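**Student:** All I have is the shape, not the residue letters:
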């Protein structure tokens, strides 16, 4: 063992382990994994038939050749164990931390955790494997199973893991006959150190692709996994929040592909024509010139097919410009008027809603017309007003002969809080 220990220590001092803080505890953890795998292999060998364990007919050969084979045997075995051990380290070792339990990778069912008093007999080996692999590969974490139920009417077995009122939670429905997945709903909250490398390595280039700061650091990750009836495999969404003392960013992945990237930009990184237009729009809505720019951000969303630039100004005014599949969208708004109304009872609420819905059309035209004229150089007189009882405090002005539509939000006194043209 002394010679093997020396060989082991020499091996771990090579890359990629050279800078890892190796201790006796770490060594013992890895050797325990090797011992587990060796015992498992011996168990398989011990299960062979009597015929395979009977001595075979001796082969003709020189005594010298036999000695060569005997001398080589322990050396080959030692090298094999060393290779297995090094391979285990590649899975579990990262800066001195156990990051991926080997047993969970090699035999995922062994990593399943169950609460007491569960009807585990309802789960076949295939069901257990599907649950274990789904949590391991899609959620990235094995949650403790807290509930198992037979649902005979639907032909399913229901598995619940974690607590519904906590961040980490999973519900999995399996086919009672085949053991295959039928539906999946899972979620978890992750710390930056838990984010897989295949995501981490994409961050700088993704932020750079929209002109944002590539040095933003991960702050929080939320992952959700879903699979509906009729779908063949779960789909995961990983939402990463990034930031520093000043800037903010967000990246959303569907499976391993980034589908939405958000980041803040400097004022000199955006179109100066667009910035000038945004200042002009805020002046038209607020009635005040020279509103100071507070920030600019951009969101490129491939799922929705939209590329959006958002300008925020002092006193809670904003302008949003969107280029999408359906064309261009332009919104100017005032978030100062989003506060809830101080309404004491149902009668007051009903009266307020009725006032919003029945607001005089001429009042809205008088309030919105000059703003639209100043921003878009359009006369509202030919646009027809449409009300929607399901959208109180909002109307649309539409030009019947075209697809040009304005959406206008307002307060009960006719003040305009937001105008959107085009895609919204």
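**Tutor:** Arrived safely, thanks for sending. Note that the structure is predicted; figures quoted are calculated from it, not measured. Numbers count the residues shown, from 1 in each chain.

**Student:** how much space between the spatially most central residue of the chain and residue 325?
**Tutor:** Taking CA atoms, centre = their mean as the criterion, residue 238 is the residue nearest the geometric centre of the chain, at 0.9 Å. Using CB to CB, to the nearest Å, residue 238 is found at 24 Å from residue 325. Placement of C-beta: from N, CA and C, glycine included.

**Student:** picking that back up, return the list of helices and strands in contact with the host helix or strand of the residue nearest to the centre of the chain.
**Tutor:** Assignment of secondary structure by DSSP states H and E places residue 238 within strand 235-243. Applying 3 or more CB pairs under 8 Å, 6 or more residues apart in numbering; DSSP states H and E, one finds that strand 235-243 makes contact with helix 203-209, strand 217-227, strand 248-254.

**Student:** Return the set of buried residues in stretch 319-336.
**Tutor:** For stretch 319-336, a neighbour-count test (16 or more other CB atoms under 10 Å) marks 319, 320, 321, 322, 329, 330, 331, 332, 333, 334 as buried.

**Student:** The fourth one and residue 329 touch, don't they?
**Tutor:** To tie it back to what came earlier, the one meant is residue 322. Yes. Counting by CB atoms under 8 Å, residue 322 touches residue 329, with 3.8 Å between them.

**Student:** Disregarding residues adjacent in the polypeptide, which is nearest to residue 202?
**Tutor:** Nearest non-adjacent residue to residue 202, counting by CB to CB, 6 or more residues apart in numbering: residue 258, 6.3 Å away.

**Student:** For the one you found, grab the count of nearby residues.
**Tutor:** 19 (other CB atoms under 10 Å).

**Student:** so it bridges to which residues?
**Tutor:** Beta-bridge partners recorded for residue 258 (DSSP bridges): residue 253.

**Student:** what separates it from residue 300, distance-wise?
**Tutor:** 9 Å.

**Student:** show me where this structure has helices.
**Tutor:** 2-12, 24-46, 50-53, 63-92, 102-106, 125-134, 197-200, 203-209, 272-286, 346-357, 361-376 (DSSP state H).

**Student:** weakest of those by average pLDDT?
**Tutor:** Out of the helices of the chain, helix 50-53 stands lowest, with a mean of 34 (criterion: mean pLDDT).

**Student:** Tell me which residues touch the residue lying closest to residue 266 once chain neighbours are set aside, please.
**Tutor:** Among residues not flanking residue 266 along the chain, residue 296 sits closest, at 7.4 Å (CB to CB, 6+ apart). Residue 296 makes contacts with 264, 265, 266, 267, 269, 270, 275, 309, 310, 311, 312, as judged by CB atoms under 8 Å, 6 or more residues apart in numbering.

**Student:** With distance to residue 249 and neighbour count added, can I get those residues in CSV?
**Tutor:** Putting those into CSV (distance: CB to CB, whole Å; neighbours: other CB atoms under 10 Å) gives the following:
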residue, distance to residue 249, neighbour count
264, 7, 21
265, 11, 18
266, 14, 12
267, 17, 11
269, 14, 12
270, 16, 18
275, 21, 17
309, 15, 21
310, 13, 19
311, 17, 25
312, 15, 17
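
**Student:** out of these, which are inside strands?
**Tutor:** Members of the contacts of residue 296 lying in strands (criterion: DSSP state E): 264, 265, 309, 310, 311, 312.

**Student:** just to revisit the earlier point, quickly compare the helices and strands packed on strand 235-243 and say which is most buried.
**Tutor:** Stretch with highest mean neighbour count among the helices and strands packed on strand 235-243: strand 248-254 (a mean of 20; mean count of other CB atoms under 10 Å).

**Student:** Just list what that one packs against, helices and strands only.
**Tutor:** Strand 248-254 packs on helix 203-209, strand 235-243, strand 257-265, going by 3+ CB pairs under 8 Å, 6+ apart.
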